[in-house]
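> My questions concern the predicted model and sequence given below.
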Amino acid sequence: GAGVSQTPSNKVTEKGKYVELRCDPISGHTALYWYRQSLGQGPEFLIYFQGTGAADDSGLPNDRFFAVRPEGSVSTLKIQRTERGDSAVYLCASSFRGGTEAFFGQGTRLTVV
Amino acid sequence: QQQVKQSPQSLIVQKGGIPIINCAYENTAFDYFPWYQQFPGKGPALLIAIRPDVSEKKEGRFTISFNKSAKQFSLHIMDSQPGDSATYFCAASWGNTPLVFGKGTRLSVIA
């Protein structure tokens, strides 16, 4: 596709469950970013991939959060034992390489009930 | 510690007015300063960006002014239209580091 694609658009899950959020970046973009956006706030950085490896995971809030990008394209953000505080919009962005223009997907709205 | 401080939090202007949104930063290593526009239910969309080697950049009705000594940059929207009503975010980064975002400004342009 032409832009960054995120699936699902919306996800409702019960507290304690495991969820996976998928990001399909723009073709040819080597850098991929995950952000989390709470209501009325700016995006907060979670993790940055350059190719297959996590170049910076300093924004992951705790060890319940994990992300992978095994083939250097699609990435999956995984959240274990979800908590109500994890409810937010999870945004993915990609860029041709780190430090260049970043383009965002439409986000996945996660609601933990 | 908030690395990029954005103001105002919200802004209402008449159609045709020139809203100005300001951002201040502390990290002098920052060398890339984009602005994003976000509509409800959508992801942020890159609007315009500047690097510190210039003091101003214009793209259509959008202008970034950059003051390196004051560590501030601002977005001006000329001839604002109701369709410009959205939330605007400034951001900053350096090298390959991820973008750091301000908290956003909710702009309403009323006819």
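Everything's here; your move.
> pLDDT below threshold where in chain B?
For chain B, the stretches with pLDDT under 70 are B:1-2.
> Contact residues of chain B facing chain A?
Neighbours of chain A within chain B, by C-beta under 8 Å from any C-beta of the partner chain: B:6, B:32, B:34, B:36, B:41-46, B:49, B:89, B:91, B:93-104. C-betas here are computed from N, CA, C, even on glycine.
> Need the per-residue pLDDT for the most centrally placed residue in chain A.
For chain A, the residue nearest the mean C-alpha position is residue A:34 (3.5 Å; C-alpha atoms, centre = their mean). On pLDDT, residue A:34 comes in at 98.
> does it sit in a helix or strand, and which one?
Remark: residue A:34 resides in strand A:31-37, with elements defined by DSSP states H and E.
> ok, back up a step: nearest residue to the residue nearest to the centre of chain A other than its sequence neighbours?
Once flanking residues are discounted, residue A:34 sits nearest to residue A:46: 4.2 Å by C-beta to C-beta, 6 or more residues apart in numbering or on different chains.
> Looks like that neighbour contacts residue A:62 (just checking).
No. Judged on C-beta atoms under 8 Å, residue A:46 makes no contact with residue A:62 at a distance of 11.3 Å.
> Okay, strands next: where are they in chain B?
B:4-7, B:10-14, B:20-25, B:33-38, B:45-50, B:56-59, B:62-67, B:72-77, B:86-92, B:100-101, B:105-110 (DSSP state E).
> Enumerate the residues of chain A near chain B.
A:4, A:6, A:31, A:33, A:35, A:40-45, A:48, A:50, A:55-56, A:59, A:91, A:93, A:97-99, A:101-107.
> Just the buried residues of those.
A:4, A:6, A:31, A:33, A:35, A:42-45, A:48, A:50, A:55-56, A:59, A:91, A:93, A:98-99, A:102-107 (16 or more other C-beta atoms under 10 Å in any protein chain shown).
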